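give me a model of this one.
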Amino acid sequence: MTGKIWIAPPVSHAAVEAGSGFRVVDDVRAGMDLGSQSALDAWLKPDLAKEVASLTIPGVDDVVLRIAEAIRDEARILIFGDYDCDGVTSTSILVSALRAAHASPEQVLWSLPTRSDGYGLQETYLGELIVTAPDLIIAVDCGSNDRAVIEQLLAAGIDVVVIDHHQINEDVSDLVPVANPQRDDDEQARYIVGAGMAWLVVRKLADAGAVPAEVPDGLLDLAAIGTIGDVGKLLGYNRALVIAGGKKLRECKRLGLKTLTRMMNLDPIDLNAEAVSFRLVPKLNAPGRIYIADIVVDLLLTTSWDEAEVLAKQVLDADESRRLAMDEAQARLLARYDDETLIESVLICEDQAMSHGIAGPLASRLVERYRRPVVVLAGQGEELSGSARSIGDWDIAGALYGMPEGMLLRRGGHSKAAGLAVERSGLEAFRMAMIAAFAESGIAVPLPAEMEASAYVDDDPLTLPVAQELDKLGPFGSGNPRPTLQWNGVRASNVEPIGKDGNTLRMFLTRGTNRLLGVMFRAGDAGVISNVHDGDLVDVLIQLTIERFKGQKQLKMFIRDIRPSV
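Numbers count the residues shown, from 1 in each chain. A predicted model of the protein is given here:
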């Protein structure tokens, strides 16, 4: 019904050494190569200290040495971060740690860019940075490609170190110490995000005696949020970091987060990686998209109840403004591209009424809808800026850096997501250049959506204990998605659309002794609602989750996709 391609489970009814007592769970483990007891133990209880020791990221030791020297000399330090969730958590990690270590905490300052002025160490900020007169600037979650500004800062007598994770296209490691996992040959290391790098530096500062030993442990919650928020793959160091940080999040001792989650009616005990990704991260991203991100750092650092109340309210107000702005901009663009046959292989769209800050998430929505790379640009003047999102294996940041000299005013990012600025007069030339670059990839669009199943259900019981065993394989996210189960030949009953817009479908699914209530979100958009009726025999892809209601754990089933049974 949805046109999505189902990828069948790789393993069925596999014998495993470390049996769970549930065939479905054992099949999922076998598909993850966790059939042996040793592999399962290592997965369930990763050793963060061991993961830290295994990292060999070039430049980290040089960065640690320079920061330790600045702390020892009681130098004036400015941390320059970024406006997204990864940027604000990275900044907060370093500010917290260095203030805890510095003899004069007020000498540790911080500054964030704005989306309208642009990402990274831009010329726009140069005068302000020089006037602030720090002895050392720590560029975090940015800086790897900002050679021109770094050269000018050095000429002004200001030292710089870079703690980053973005692709390197104008290497500055010959000028200043740079800690960036993209310089590492280890593929898993390259998945580390800015917050993970910031926490790693703090950990090594503590190991060197430059930061109090207890400080890194207290910052694990921020490292976990940043890693999840920037979609770092939850493998290796990232996985260990998120597991350790998740425990701190659920304890929720950070005043700002405690206040924010209370206002969200979100119990911290429910803050698993998915709740962080879908509920908390959008809130922390919102101020940087609509206003300025400074209030988020203030919220994460505050020790005042009164201030926390004010800041949390501002964050939630910004998120509501973001949501409304997103819906309005999406409606305008969908109306413009209602005839999908006219859309080119790379969709490049511009909206003068849109805030720069919502370009990224809007591009992601359009990628999902149109199944091709998307660039969304905003701006009313000559300069347009915005975000690009890719699909499949196409490196969109690489494509931007491959554009002819002078075509773009700014560019940077990752293979899947990037930012850019272009002159309005050059927009058509940029459009044609991107289409030509994508054509060289040989990828055909629209690229069909694929959904991969982890195991078949058959007549095996789907119970709360099964869901609990599956939950142990988390945290779930990029690189480790929640297991999707394929359940064939089930009978649909009590089928009804629900929700304010009727876009959600609820039904009972029955096979054998299993009769479960399931919910499918955005079923109307997927063309499912009008095609599933009481009594239909269907195949479904489902995910099991656990929710708490009045203190009791309950099994919940989400329907990912549905099709007629064959």
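
in contact with Ser390, which residues?
Contacts for Ser390 (C-beta atoms under 8 Å, 6 or more residues apart in numbering) come out as 367, 373, 396, 415-417. Every C-beta, even on glycine, is put in place using the N, C-alpha and C of the backbone.

which residues of the stretch 1-150 of the chain fall in helices?
23-31, 37-44, 48-54, 60-72, 85-101, 126-132, 147-155 (DSSP state H, counting those that start in this stretch).

ugh, wrong one, the stretch 301-450 of the chain
Ranges of helices in the stretch 301-450 of the chain, per DSSP H, counting those that start in this stretch, are 305-336, 359-370, 396-401, 427-439.

to Arg183, which of those helices lies closest?
Closest of the helices of the stretch 301-450 of the chain to Arg183 is helix 396-401, at 16.1 Å (criterion: C-beta to C-beta).

who's in contact with the closest one?
So helix 396-401 is contacted by 167, 169, 373, 388-390, 408, 411-418, 420, 434, 437-438 (C-beta under 8 Å, 6+ apart).

repeat that with 6 Å
167, 169, 373, 388, 390, 411, 413-415, 418, 420, 437 (C-beta atoms under 6 Å, 6 or more residues apart in numbering).

most neighbours among the residues you listed, which one is it?
Ranked by neighbour count under the definition other C-beta atoms under 10 Å, the contacts of helix 396-401 are headed by Pro373 with 29 neighbours.

so how far is Ile435 from that one?
10 Å (C-beta to C-beta, to the nearest Å).

now for those two: what residues contact both?
With C-beta under 6 Å, 6+ apart, Pro373 and Ile435 have common neighbours Val346.

direction included, what does the least confident helix or strand in the chain by mean pLDDT pair up with?
When each helix and strand of the chain is scored by mean pLDDT, DSSP states H and E, strand 410-413 comes last, with a mean of 85. The partner list of strand 410-413 in its sheet, established with DSSP bridges, is strand 417-423 (antiparallel).

quick check: Arg323 vs Phe521, distance?
Arg323 is 16 Å from Phe521, by C-beta to C-beta.

next up, the contacts around Leu555.
464, 467.

work out for me the element it sits within.
strand 552-564 (DSSP states H and E).

put the alpha carbons of that strand into PDB.
The C-alpha trace of strand 552-564 is given here as PDB (Å, rounded to 0.1, in the frame of the first residue of the first chain):
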ATOM      1  CA  GLN A 552       2.700   0.100  35.600                       C
ATOM      2  CA  LYS A 553       4.600  -1.100  32.500                       C
ATOM      3  CA  GLN A 554       2.500  -1.900  29.500                       C
ATOM      4  CA  LEU A 555       3.200  -3.400  26.100                       C
ATOM      5  CA  LYS A 556       2.600  -1.100  23.100                       C
ATOM      6  CA  MET A 557       2.700  -2.000  19.400                       C
ATOM      7  CA  PHE A 558       3.500   0.400  16.600                       C
ATOM      8  CA  ILE A 559       2.700  -0.600  13.000                       C
ATOM      9  CA  ARG A 560       5.500   0.600  10.700                       C
ATOM     10  CA  ASP A 561       3.900  -0.700   7.500                       C
ATOM     11  CA  ILE A 562       1.000  -2.800   6.300                       C
ATOM     12  CA  ARG A 563       0.100  -4.700   3.100                       C
ATOM     13  CA  PRO A 564      -2.400  -7.300   2.000                       C
END
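
pull out the buried positions in it.
Residues of strand 552-564 classed as buried by neighbour count (16 or more other C-beta atoms under 10 Å): 555-557, 559-563.

let me have these in CSV, extended by distance to Ile529 and pLDDT.
Output for these, formatted as CSV (distance: C-beta to C-beta, whole Å; pLDDT from 0 to 100):
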residue, distance to Ile529, pLDDT
Leu555, 24, 95
Lys556, 20, 95
Met557, 18, 97
Ile559, 12, 97
Arg560, 15, 96
Asp561, 13, 95
Ile562, 10, 95
Arg563, 14, 94
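
ok, so of those residues, who is nearest Asn180?
Nearest to Asn180 among the buried residues of strand 552-564, counting by C-beta to C-beta, is Arg560 at 35.9 Å.

check the burial of Gly386 by counting its neighbours.
Each residue near Gly386 was counted by other C-beta under 10 Å, and the total is 28.

surely it and Val376 touch.
Yes - with contact defined as C-beta atoms under 6 Å, Gly386 counts as touching Val376 (4.8 Å).

report the set of residues contacting both of those two.
Ala359.

and the contacts of the least confident helix or strand of the chain?
Contacts with strand 410-413, where a contact means C-beta under 6 Å, 6+ apart, come from 118, 145, 397, 400, 419-421.

Ala335 - how many residues pack around it?
By other C-beta under 10 Å, 8 other residues sit near Ala335.

actually Asp221, not the one I typed
Around Asp221 there are 27 residues (other C-beta under 10 Å).
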